[in-house]
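> Give me coordinates for this.
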Amino acid sequence: MVAMQREVNRRKRRNKTEHVDEGLNVVPMMDMMTIILVFLLKSLSASSANIPQGDDLRLPHSSINTSPSNALQVIVSRVSISVNGRFITALRNGFVEPAMKRGGGTGFLINPLADNMRDQLQLQQALATRTSNAPFRGEIAIIADQGLPSRTVFEVLYTCAQAGFSDFRFLVLKGRGR
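Predicted coordinates for the structure are as follows:
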């Protein structure tokens, strides 16, 4: 009886095959998809050319041949000023309210924009040193409506310069004007 039990166990061991996991390994695929997603989000969100135009924001036309850079975006429409898509202050008929400026109606420094630009300066300087060890260039892409009063554009430029940004780029549409 014992000999027969040994023979049965020996045959079971001989015929026993190891279990092989034939499932799909999802970890490398998830890594690949994460890398692709980050690449797409970075390339789409950082492009200055992705500016939706509407009734309150129409870009001027130009024959310039350079492509837009990935600078900090300051959008000045007829109704508001925003930095990187974040609302800063409202405009009335294309002009900044005198109460929002240092010095009232004759002042050039827009207080809410200056506060935000100081925060952006610290963030941009920290990013420049952490990611590329390149010096901070202070580059800004100004996206302004073509019908905006020049005074408002000058106030935005002055405020950005006072905050530490000095390399201004104006985003325009390629092609001939009207």
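> Which positions in the helix or strand hosting Q5 come out as buried?
Element membership of Q5 [criterion: DSSP states H and E] is helix 2-15. The neighbour-count criterion (16 or more other CB atoms under 10 Å) identifies no buried residues in helix 2-15. For glycine as for every other residue, the C-beta is placed from the backbone atoms N, C-alpha and C.
> That helix - what's its average pLDDT?
For helix 2-15, mean pLDDT rounds to 83.
> again, but for stretch 102-111
Averaging pLDDT along stretch 102-111 yields 86.
> Next: stretch 80-93.
On average, stretch 80-93 scores 88.
> May I see the buried residues of that stretch?
Under the neighbour-count rule (16+ other CB under 10 Å), stretch 80-93 has I81, S82, V83, I88, T89, L91 buried.
> from those, which two are the most distant?
V83 and L91 (14.2 Å; CB to CB).
> Quick one: residues contacting Q125.
For Q125, the contacting residues are F136, taking CB atoms under 8 Å, 6 or more residues apart in numbering as the criterion.
> Tell me how far it lies from L157.
Here the distance between Q125 and L157 works out to 20 Å (CB to CB, to the nearest Å).
> same question, K101
From K101 over to L157 the distance is 14 Å, taken as CB to CB.
> Ok, I140 next?
When CB to CB is applied, the distance between I140 and L157 equals 9 Å.
> The helix or strand bottoming out on mean pLDDT in the chain: what's the following helix or strand?
Ranked by mean pLDDT, DSSP states H and E, the weakest helix or strand in the chain is strand 61-62, scoring a mean of 58. Following the chain from strand 61-62 toward its C-terminal end, the next helix or strand by DSSP H and E is strand 72-76.
> Could you list the low-confidence segments of this structure?
16-21, 43-70, 132-134, 172-178 (pLDDT under 70).
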